[in-house]
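Q: sequence plus the predicted model coming up.
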Amino acid sequence: MPKTIKKVAVLTSGGDSPGMNAAIRSVVRTCAYHDVKCIGVYRGYQGMIEGDFLEMGARSVHNIINKGGTILKSARSKEFMTVEGRKKAYDQLMKEGVDALVVIGGDGSFTGAEVFNKEYGFPVMGIPGTIDNDIFGTSHTLGYDTALNTVVDCIDKIRDTASSHNRLFFVEVMGRDAGHIALNAGIGGGAEEVLIPEEELGLERLLDSLKKSKASGKSSSIVVIAEGDKIGKNVFELKDYVEANLPEYEIRVSVLGHMQRGGAPSCYDRVLASRLGVKAVESLLEGKSNFMVGMVNDKVSLTPLEQAIKGHTEIDRELLRVSEIMSI
């Protein structure tokens, strides 16, 4: 018989993303609905080690669904990577009478949860929170949709000034290992080219594309670049290279940076967070553990944490084709 769950802890770990607060709210209120106590853990795994807990009820999470970031804060914890650190965290949870843990974060956070589960048999459930959308086992991670809307809004504004001055803009977006933001926002923002880590465009092909754009009558262009793209060492060196080979272009660089991780979550992210939070808590109450909750074919599904960590998300090849057609 699975252990009866009477108290659940929830934490946010790794990089913040819009929708984390909505997920915290969902976890807390689902616990309240099922008459289960809930505590929030401040500062991720480090807070768990230090016993930095706060009891949370349905009213303690009012007016947070619309806020970006995370009210529970987030922090990296080198100590939790050690056996001794995880033992301290376990002892703190036992002292507090916690029976299960919900971790909202990315693959690094899930790795910590999986190791913790294996060492202590402690029930854990993961909710994917990262704007990069690079977690296997879900079509959307928390914050991805909001980040896309933020990037498209920025591209629209940049296009206004690009058109006014007949300039070429390189817009760098987040995506160290995955180009989902760049590809989707590039199509949505009408970019002439999209550079992503998964596809090696090559410098000469980029130059040829820009020459064709110029020859076709385009007076301004926007190239969206994922920060992990391998075509150049960085976006500024790429700018210098293109300027040296295409002196007719006046080039500007916009690095959007951390503004992509902030802001009020979109309606989609708020609903997604609500659905995933309910599923995470109710799965724990059913005796399930060591899973990530995610969206598969628009249905909430469970993926073993190990698969979520080790699996690789694939770039949508059809979207790549659409991007190429739209850039003509």
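A: Now that the structure is in, tell me what you want to look at.
Q: contacting residues for residue 316?
A: residue 183 (Cβ atoms under 8 Å, 6 or more residues apart in numbering). Placement of C-beta: from N, CA and C, glycine included.
Q: how about residue 266?
A: Counting by Cβ under 8 Å, 6+ apart, residue 266 has contacts 18, 145-146, 149.
Q: again, but for residue 55
A: Residue 55 sits next to 37-40 when contact means Cβ under 8 Å, 6+ apart.
Q: wait, which of these is closest to residue 224?
A: Nearest to residue 224 out of the contacts of residue 55 is residue 40 (Cβ to Cβ; 37.0 Å).
Q: what packs against the helix or strand containing the closest one?
A: Remark: residue 40 resides in strand 37-41, with elements defined by DSSP states H and E. Contact analysis of strand 37-41 by 3 or more Cβ pairs under 8 Å, 6 or more residues apart in numbering; DSSP states H and E lists strand 7-12, helix 20-33, strand 53-56 as its packing neighbours.
Q: and after that strand, which helix or strand comes next?
A: Scanning forward in sequence from strand 37-41 by DSSP H and E, the next helix or strand is helix 44-50.
Q: circling back: mind saving the C-alpha coords of the strand holding residue 40 as PDB?
A: Taking C-alpha atoms only, strand 37-41 is exported to PDB below (Å, rounded to 0.1, in the frame of the first residue of the first chain):
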ATOM      1  CA  LYS A  37      -1.300  20.400   4.200                       C
ATOM      2  CA  CYS A  38       1.200  22.200   2.000                       C
ATOM      3  CA  ILE A  39       4.400  24.000   2.700                       C
ATOM      4  CA  GLY A  40       6.500  26.200   0.400                       C
ATOM      5  CA  VAL A  41      10.200  25.800   0.300                       C
END
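Q: ok and it relative to helix 20-33, angle-wise?
A: Inter-element angle recorded for strand 37-41 and helix 20-33: 160 degrees (by axes from the mean of the first three to the mean of the last three Cα atoms, to 10 degrees).
Q: what does strand 37-41 rub up against?
A: With contacts defined as Cβ under 8 Å, 6+ apart, strand 37-41 is touched by 6-11, 24, 27-28, 31-32, 47-48, 52-57, 71-72, 96, 98.
Q: let's see that with 6 Å instead.
A: Residues outside strand 37-41 that contact it (Cβ atoms under 6 Å, 6 or more residues apart in numbering) are 7-11, 28, 31, 47-48, 53-56, 72.
Q: how about stretch 65-84?
A: 12-13, 16, 18, 20-22, 25, 40, 42-46, 49, 64, 85, 112, 262-264, 270.
Q: follow-up on the earlier one: from the contacts of residue 266, which land in helices?
A: Those of the contacts of residue 266 mapping onto helices are 145-146, 149, per DSSP state H.
Q: as a markdown table, those residues with neighbour count, distance to residue 122 and pLDDT would be great.
A: Below are these laid out as a markdown table (neighbours: other Cβ atoms under 10 Å; distance: Cβ to Cβ, whole Å; pLDDT from 0 to 100):
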| residue | neighbour count | distance to residue 122 | pLDDT |
| --- | --- | --- | --- |
| 145 | 23 | 32 | 97 |
| 146 | 25 | 31 | 97 |
| 149 | 18 | 37 | 96 |
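Q: check the gap between residue 82 and residue 169 for me.
A: Residue 82 sits 46 Å away from residue 169, going by Cβ to Cβ, to the nearest Å.
Q: just the buried ones from the contacts of stretch 65-84?
A: With burial judged by 16 or more other Cβ atoms under 10 Å, the buried subset of these is 12-13, 16, 18, 20-22, 25, 40, 42-46, 49, 64, 85, 112, 262-263, 270.
Q: what's the following helix or strand after the worst-scoring helix or strand of the chain on mean pLDDT?
A: One helix or strand of the chain scores below all others by mean pLDDT, DSSP states H and E: helix 203-215, with a mean of 80. Using DSSP H and E, the next helix or strand after helix 203-215 towards the C-terminus is strand 221-226.
Q: neighbouring strands of that following strand in the sheet, and parallel or not?
A: As defined by DSSP bridges, the strand partners of strand 221-226 come to strand 168-173 (parallel), strand 193-195 (parallel).
Q: show the average pLDDT along the shortest one.
A: Meaning strand 193-195. Mean pLDDT, strand 193-195: 88.
Q: next one: stretch 31-46
A: So the average pLDDT for stretch 31-46 ends up being 97.
Q: okay, how far is it across it, tip to tip?
A: 23 Å (Cα to Cα, to the nearest Å).
Q: starting at the chain centroid, how far to that stretch?
A: 22 Å (Cα atoms, centre = their mean, to the nearest Å).
Q: cool, stretch 64-77 as well?
A: Centre-to-centre, stretch 64-77 and its host chain are 13 Å apart (Cα atoms, centre = their mean).
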